[in-house]
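Peer 1: What shape does this take:
(one chain, ligands or ions: 1)
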Amino acid sequence: MRSIKEYVESMQGADPLPIEQYRRDSFGLTCKKKLKPITPVSDGGSKQRDATKASPEEESEIGCKKLRKTAMEDLREKGLEECYEQALQRDDVKAIVVTGAKGKFSGGFDITAFGGMQGGNIAPPKPGFMSVEVLTDTVEATRKPSVAAIDGLALGGGLEVAMACHARISTPSAQLGLPELRLGVIPGFGGTQRLPRLVGLSKALEMMLTSKPVKGEEAHDLGLVDATVSPDELINTARQWALDILEAKRPWVKSLYKTDKIEPHGEAREILKFTRTQARKQAPNLEHPIVCIDVVVEGIVSGPRAGLWKEVEAFQGLLHSDTCKSLIHIFFAQRGTSRVPGITDRGLVPRRISKVAILGGGLMGSGIATALILSNYPVVLKEVNENFLQAGVGRVRANLQSRVKKGKMNEEKFLKTLSLLKGVLDYESFRDVDMVIEAVIENASLKQQFFSDLEKYCPPHCILASNTSTIDLNLIGEKTRSHDRIIGAHFFSPTHIMPLLEIVHTEKTSPQVIVDLLDVGKKIKKTPIVVGNCTGFAVNRMFFPYTQAALLLVEHGADLYQIDRAVTKFGMPMGPFRLCDLVGFGVVIATGTQFVENFPERTYKSMLIPIMQEDKRAGEATRKGFYVYNDKRKASPDPEIKKIVQKAREISGVNVDPKLSDKDIVEMVFFPVVNEACRVLAEGIAVKASDLDIAAVMGMGFPPYRGGIMFWADSLGSKYICSKLEEWSNVYDGGFFKPCAYLAERATKEALLSTLVERAKSRL
Ligand SMILES: C[C@H](O)CC(=O)SCCNC(=O)CCNC(=O)[C@H](O)C(C)(C)COP(=O)(O)OP(=O)(O)OC[C@H]1O[C@@H](n2cnc3c(N)ncnc32)[C@H](O)[C@@H]1OP(=O)(O)O
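Peer 2: Just a heads-up that it's a prediction; the model follows:
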């Protein structure tokens with residue numbers, strides 16, 4: 001018998017491709033490294049090469065240049081298909097191992113190519129080329145066995161290639177998943193058909209609908225991979241496995257035709273019914289989860305080949321949907337937030353932050369402390385007295401315990417993480433910290449005092465950050481001489497969960513300090529947006545008209561519960577009144593006052609909340625706000641509210657309008673938000689519109705499948721939005737609805753709001 005090397009051609013480095021650089025490879029999947037062509041393996045194991053041909057590096061260079069063409073041209077020119085053709089033709093190749101390089105398998109199809117196909121710049125692929133012709137009729141159907149050797153990520157198209165192989169070997173830490181639904185499409189290379197046949201309907205639907213990957217070990221338990229081995233053993237095990245298949249020592253499995261994992265008929269029907277109901281309930285505005293279920297069903301009912309063709313057709317349709325365009329925009333916008341012109345392009349290297357201090361152990365301070373210790377930062381938490389300190393430390397402990405309860409953390413890790421927290425009552429432990437985050441109540445003079453203390457006790461290099469959500473940072477730092485190291489680190493509650501971090505800088509904040517905080521933000525797994533200094537910064541300022549518009553509408557006759565229902569139906573996690581209850585009327589009034597003082601010409605002064613306070617209502621905490629709350633914090637409309645609203649209407653003396661439709665309500669609530677977002681952009685508070693999209697999605701819960709506030713606005717058109725605002729501005733007193741100059745100018749040109757052509761100098 002000949003040696004393994006003589007039989008097996010490893011396609012290592014060829015296809016599918018490693019994830020590291022995430023560039024488009026020659027068959028449309030993402031890769032980092034340049035491609036290497038197939039390298040024949042001789043008897044002695046040494047590599048042979050035809051000297052008349054280009055070196056592997058030269059060839060891969062050519063391959064990479066070709067990548068700039070269309071995804072499908074690339075696919076046809078030199079990709080999996082061609083590599084397979086070569087491997088199938090060669091007599092010395094008896095079996096095939098498909099793998100990535102440098103510990104990565106594949107991140108899936110190149111998402112940038114989606115944009116090209118949507119815009120018509122990239123020719124759409126021939127229907128079924130990859131899923132039927134290449135993967136099913138070549139890779140899976142061929143007479144030479146293929147084994148996928150998976151390390152690192154195997155996502156989307158990458159996993160779909162692996163599933164077309166006759167076996168899969170992975171490392172225990174590899175991550176395998178089909179996250180296409182997160183992008184508004186469904187798996188398009190046969191994943192909807194093969195995954196249910198490998199892991200069963202129930203798990204396959206869960207993996208696709210949640211987009212969550214599984215680790216190698218779980219994948220093994222599920223039957224998605226056939227064995228897990230260490231990275232060192234991966235290729236050899238895969239080679240041996242392929243040989244074993246060839247020699248009939250192991251089964252030659254075509255996963256497309258497996259049936260043993262699909263649940264029995266009755267059970268399958270129940271699973272599908274339940275999943276469909278859940279999908280409709282959880283995402284009533286989304287079509288693609290239901291399409292995904294339909295495609296899976298087609299395969300079960302009419303056979304996997306029919307399922308494959310339905311998948312091809314459905315994928316093409318979804319690719320051009322608004323949902324897909326929006327979600328792809330969000331994917332890239334999120335990754336673009338850490339690229340800050342004038343800051344991150346200076347070559348600055350983030351300094352090491354070894355220890356952080358937090359001032360104030362309330363809800364925000366304890367949440368920030370939790371986020372930091374979870375990422376292994378030692379934290380000093382200071383409070384003013386023992387009681388407050390114990391309460392703060394207790395909150396951190398409770399945050400961690402909830403992770404233990406959910407199985408996200410074991411007891412040992414819990415104790416180790418908590419040991420990183422030190423509670424103190426004085427500033428002594430601040431002498432060697434690299435960063436302080438102040439998280440005390442929103443009171444400018446109190447904050448000024450604290451910052452002047454910090455300047456005395458902290459080392460001169462220490463970053464002085466404030467978690468203020470509205471107060472001007474220049475005011476906070478007024479009594480210090482440390483303006484270059486003062487920065488805003490605005491977290492969102494609940495801090496250890498919410499993904500957004502708004503980094504606010506003044507004209508004097510040093511770029512190094514911004515780069516340092518960006519790095520900390522990344523390490524604690526937050527998405528940072530860097531913005532300029534003003535009242536409310538970008539997120540709160542942009543969204544202050546959200547509540548204001550809702551109050552205005554109620555005083556003008558709208559039903560407040562209808563407003564909340566219309567806004568939730570649009571896709572927000574909760575309506576403006578439910579949000580006010582959650583935040584508490586104290587905070588709503590405190591932040592509202594900042595806006596009334598700073599932007600008097602465009603704030604709507606409603607009496608509704610002060611009257612509610614007189615009625616001893618403060619929001620959810622007091623179980624009474626716009627809603628009443630039971631023991632389980634379930635909100636129910638309160639019939640008593642009518643009287644309070646009536647009183648507010650009488651004080652305002654406004655005319656009551658005819659009934660508004662849900663569409664009117666959504667527009668009247670969100671167009672003022674768009675208007676303020678335009679101001680924020682025009683003033684240079686935000687560097688790019690896509691940052692505001694991410695701020696809206698991650699800070700306010702704006703539905704990502706609408707692409708964020710500016711992306712959504714552009715889908716409606718600046719002219720339409722401006723005309724509506726003008727119309728309402730004429731009907732309602734005051735400047736609340738008045739379109740800003742930027743919006744009006746865009747509307748005249750019928751231009752996009754998100755493309756900045758001429759704008760005020762960026763404050764960065
Ligand atoms: C037909 C098929 O069924 C369709 C498909 O395969 S659709 C694609 C399915 N794959 C995915 O959805 C994976 C998307 N990518 C990810 O989830 C994450 O990027 C990841 C887990 C792979 C890596 O995460 P992480 O290490 O944090 O790196 P991250 O910052 O996200 O990405 C690094 C770079 O790669 C890019 N990138 C990542 N995946 C990409 C992809 N599939 N296509 C194009 N670019 C991609 C990012 O945009 C980013 O670019 P930048 O440096 O210029 O900003």
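
Peer 1: For whichever residue of the chain sits closest to the ligand, which non-adjacent residue is spatially closest?
Peer 2: Per Cβ to the nearest ligand atom, the residue of the chain with the smallest distance to the ligand is G156, at 2.5 Å. For glycine as for every other residue, the C-beta is placed from the backbone atoms N, C-alpha and C. Closest residue in space to G156, ignoring its immediate chain neighbours: G108 at 2.5 Å, by Cβ to Cβ, 6 or more residues apart in numbering.

Peer 1: Next one: that neighbour, what pLDDT does it get?
Peer 2: G108 carries a pLDDT score of 93 in this model.

Peer 1: My read is that it contacts Q175, right?
Peer 2: No - the criterion here is Cβ atoms under 8 Å, and G108 misses it with Q175 at 11.7 Å.

Peer 1: Which positions in stretch 479-493 come out as buried?
Peer 2: 480, 482-483, 485-492 (16 or more other Cβ atoms under 10 Å).

Peer 1: what would the residues you listed look like in CSV with distance to T136 and secondary structure?
Peer 2: Formatted as CSV, those follow (distance: Cβ to Cβ, whole Å; DSSP: H, G, I helix; E, B strand; the rest coil):
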residue, distance to T136, secondary structure
T480, 67, coil
S482, 65, coil
H483, 64, helix
R485, 60, helix
I486, 61, strand
I487, 55, strand
G488, 54, strand
A489, 52, strand
H490, 51, strand
F491, 49, strand
F492, 46, coil
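
Peer 1: For those residues, give me a markdown table that also has pLDDT and distance to the ligand.
Peer 2: Output for the buried residues of stretch 479-493, formatted as a markdown table (pLDDT from 0 to 100; distance: Cβ to the nearest ligand atom, whole Å):
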| residue | pLDDT | distance to the ligand |
| --- | --- | --- |
| T480 | 95 | 36 |
| S482 | 94 | 33 |
| H483 | 95 | 32 |
| R485 | 97 | 28 |
| I486 | 97 | 29 |
| I487 | 97 | 23 |
| G488 | 97 | 24 |
| A489 | 97 | 21 |
| H490 | 96 | 22 |
| F491 | 95 | 21 |
| F492 | 92 | 21 |
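
Peer 1: just so I have it, where are all the helices in the stretch 651-764 of the chain?
Peer 2: 662-682, 689-700, 709-716, 718-731, 741-749 (DSSP state H, counting those that start in this stretch).

Peer 1: Report how many residues lie close to the spatially closest residue to Y427 that is not a sequence neighbour.
Peer 2: Among residues not flanking Y427 along the chain, Y457 sits closest, at 3.9 Å (Cβ to Cβ, 6+ apart). By the measure other Cβ atoms under 10 Å, the count of residues near Y457 is 16.

Peer 1: This structure against the ligand: which residues are in contact?
Peer 2: With the criterion set to Cβ under 6 Å from any ligand atom, the chain comes near the ligand through 19, 22, 30, 107-112, 153, 155-157, 160, 179-180, 183, 187-189, 191, 332, 335.

Peer 1: hmm, which of those are the buried ones?
Peer 2: With neighbours counted by 16+ other Cβ under 10 Å, these contain buried members at 19, 22, 30, 107-112, 153, 155-157, 160, 179-180, 183, 187-189, 191.

Peer 1: And the residue nearest to Y427, what's its pLDDT?
Peer 2: The model's pLDDT for Y457 equals 96.

Peer 1: Ok, Q118 next?
Peer 2: 86.

Peer 1: Over to it. Which of the three states is it?
Peer 2: Three-state assignment for Q118 (DSSP: H, G, I helix; E, B strand; the rest coil): helix.

Peer 1: That one contacts L319, correct?
Peer 2: Yes - look at Q118 against L319 with Cβ under 8 Å: they come within range, at 6.5 Å.

Peer 1: ranges for the strands of the stretch 401-550 of the chain?
Peer 2: 421-424, 435-438, 463-466, 486-491, 500-505, 527-532 (DSSP state E, counting those that start in this stretch).

Peer 1: To D662, which of these lies closest?
Peer 2: strand 500-505 (27.7 Å; Cβ to Cβ).

Peer 1: Please list the residues outside that closest one that contact it.
Peer 2: If you take Cβ atoms under 8 Å, 6 or more residues apart in numbering as the criterion, strand 500-505 is touched by 473, 487-492, 513-514, 517-518, 521, 524, 526-533, 537-539, 694-695, 698-699, 764.

Peer 1: ok, back up a step: give me the subset of the residues of the chain next to the ligand that lies in helices.
Peer 2: 111-112, 157, 160, 191, 332, 335 (DSSP state H).

Peer 1: now these as JSON lines including distance to F670 and pLDDT?
Peer 2: Listed next are these as JSON lines, based on distance: Cβ to Cβ, whole Å; pLDDT from 0 to 100:
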{"residue": "I111", "distance to F670": "27", "pLDDT": "92"}
{"residue": "T112", "distance to F670": "29", "pLDDT": "90"}
{"residue": "G157", "distance to F670": "36", "pLDDT": "96"}
{"residue": "E160", "distance to F670": "38", "pLDDT": "98"}
{"residue": "G191", "distance to F670": "36", "pLDDT": "98"}
{"residue": "F332", "distance to F670": "23", "pLDDT": "96"}
{"residue": "R335", "distance to F670": "25", "pLDDT": "94"}
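
Peer 1: from these, which is closest to V384?
Peer 2: R335 (40.8 Å).

Peer 1: Check the gap between the closest one and I111 for me.
Peer 2: The gap separating R335 from I111 is 10 Å, by Cβ to Cβ, to the nearest Å.

Peer 1: what distance separates stretch 593-602 from the centre of its chain?
Peer 2: For stretch 593-602, the distance from its own C-alpha centre to the chain's C-alpha centre is 33 Å (Cα atoms, centre = their mean, to the nearest Å).

Peer 1: mean confidence for stretch 125-139?
Peer 2: Rounded mean pLDDT across stretch 125-139 is 93.

Peer 1: Same question for that stretch: list its buried residues.
Peer 2: Result for stretch 125-139 [16+ other Cβ under 10 Å]: buried residues 125, 128-132, 134-136, 138-139.

Peer 1: Could you list which residues are in contact with the residue nearest to N598 when sequence neighbours are not counted?
Peer 2: Counting by Cβ to Cβ, 6+ apart, N598 lies nearest to T535, which is 4.2 Å off, once chain neighbours are set aside. Contacts for T535 were tallied using Cβ under 8 Å, 6+ apart; they are 470-472, 541, 594-595, 598-599.

Peer 1: quick revisit: what residues are up against the residue nearest to Y427?
Peer 2: 427-428, 430-431.

Peer 1: Is it correct that I169 is in contact with T228?
Peer 2: Yes - counting by Cβ under 8 Å, I169 touches T228, with 7.4 Å between them.

Peer 1: Neighbour count for these two, which is higher?
Peer 2: Remark: of I169 and T228, I169 carries more neighbours, 31 against 23, as counted by other Cβ under 10 Å.

Peer 1: Is that one bridged to anything, and to what?
Peer 2: I169 has these beta-bridge partners by DSSP bridges: A149, A227.

Peer 1: More neighbours: which of Q118 and L319?
Peer 2: For Q118 versus L319, the count of surrounding residues by other Cβ under 10 Å is larger for L319: 19 against 16.
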